[in-house]
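Give me a model of this one.
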Amino acid sequence: MKTRILTIILFTLLVNAMYSNIVILNGLTHVYTGSTGETITGEVILINSSDQEQRVTFELNEAIFSCTSNRIFIKDKFHQQSSSKWFSANLMDKLLAPREKYVYKFSIKIPNDKSLKGSFWSMLMVNVEKPIKEESLNTKIGLDTKISYAIGLLTNVNAFDNVNLDFSSINLKEDSNSLKKELEVKVLNESLFIEGVKLSLEIYDNKGTKIQETETDRNMVFPGFCRDFKFDVSVLPNGEYNCVLIADARREFVGTNISLTIK
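Coordinates of the predicted model:
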């Protein structure tokens, strides 16, 4: 009896295209804005960069967020802000010829419900399957690989509210092995909309002199959930410091003063 081994390599929003002959040309995060009853059209542009045929399949998943655990992808289980039932496409399977460029088109129909407001989302999984020759393996073993791109389809419905962010927790953490010290900030989004959040940190010594200023990348914080941000403060000598922490979203700012003790 021939034995086959299935190896599945799952790359999510930060998938590295060098592992695949299929490349997504227009990004892994697609943001749309619409009103009640409106139909939005979108597309994912793919190219088969190899000299062989490549089979690509498409399916919807849900991205489940939490303030206490990592994001997970799940199929056939909807959450309150899911837009999966709004999604429509004619094709869920495609064989791409060598060097073929393909535009996968879809639509998102926002229900005609005046009470709808906020950000809704689903994940379009683009699965690439290609058999691998088993040259260095026993002839009784077959090896398949599968690479999955997760494309975020984010839909903002009706007018935005004001930014409503909170610093859920602020903690200083030290790695006992590397001695690296990081200020970990958990930001909670209490609004109905996804926010692109960037944090900045100003650090002052006990004489009021600014000795360090740094900022994070801008990252999405989903409504009702948290995101962790980190500042490296390893270069600070032992002592007491006063800090100003500011969150920026849509050029609205939320700030707080904190005391920092380095030992």
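
Report the beta-bridge partners for Lys210.
Note on Lys210: beta-bridge partners Tyr204, judged by DSSP bridges.

ok, it touching Glu202?
Yes: using CB atoms under 8 Å, Lys210 is in contact with Glu202, at 5.9 Å. (Glycine included, C-beta is placed from N, CA and C.)

Looking at those two, which one has more neighbours?
Taking neighbours as other CB atoms under 10 Å, Lys210 and Glu202 compare with Glu202 leading, 17 against 11.

Leaving aside the residues adjacent along the chain, what's closest to that one?
Excluding the flanking residues, the one nearest Glu202 by CB to CB, 6 or more residues apart in numbering is Val244, at 4.4 Å.

Assign a three-state SS to Lys254, would you?
Quick fix: residue 254 is Val, not Lys. Counting by DSSP: H, G, I helix; E, B strand; the rest coil, the backbone at Val254 sits in strand.

burial count for it?
Count around Val254 with other CB under 10 Å applied: 17.

beta partners for it?
Taking DSSP bridges as the rule, Val254 bridges to Ala247.

do Gly118 as well
On the basis of DSSP bridges, Gly118 is bridged to Val157.

correct me, but it touches Glu195?
No: counting by CB under 8 Å, Glu195 is not a contact partner of Gly118; they are 11.4 Å apart.

out of the two, which sits in the busier spot?
Of the pair Gly118 and Glu195, Glu195 is the one with more neighbours under other CB under 10 Å, namely 25 against 18.

dump the residue contacts of the more buried one.
Contacts for Glu195 were tallied using CB atoms under 8 Å, 6 or more residues apart in numbering; they are Val163, Leu165, Asn189, Met220, Val221, Ala249, Arg250.

which of these are buried?
The neighbour count (16 or more other CB atoms under 10 Å) marks Val163, Leu165, Asn189, Met220, Val221, Ala249 as buried among the contacts of Glu195.

out of those residues, which one sits closest to Ile151?
Met220 (14.0 Å; CB to CB).

Helix, strand, or coil at the closest one?
Assignment for Met220 (three-state DSSP): strand.

Assess the claim that it and Lys198 are in contact.
No: Met220 lies out of contact with Lys198 (CB under 8 Å); the separation is 10.9 Å.

Where do the strands of the stretch 51-200 of the chain begin and end?
54-64, 72-74, 87-88, 93-96, 101-109, 118-132, 141-157, 165-174, 181-189, 195-204 (DSSP state E, counting those that start in this stretch).

For these, give me CSV that also has mean pLDDT and distance to Asn48.
Formatted as CSV, these follow (pLDDT from 0 to 100; distance: least, CB to CB, whole Å):
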stretch, mean pLDDT, distance to Asn48
strand 54-64, 94, 5
strand 72-74, 87, 24
strand 87-88, 97, 24
strand 93-96, 93, 4
strand 101-109, 97, 8
strand 118-132, 85, 9
strand 141-157, 80, 13
strand 165-174, 96, 42
strand 181-189, 97, 38
strand 195-204, 98, 32
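
The ones you listed into CSV, with extra columns for distance to Val23?
Output for the strands of the stretch 51-200 of the chain, formatted as CSV (distance: least, CB to CB, whole Å):
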stretch, distance to Val23
strand 54-64, 11
strand 72-74, 21
strand 87-88, 23
strand 93-96, 11
strand 101-109, 10
strand 118-132, 10
strand 141-157, 9
strand 165-174, 35
strand 181-189, 32
strand 195-204, 25
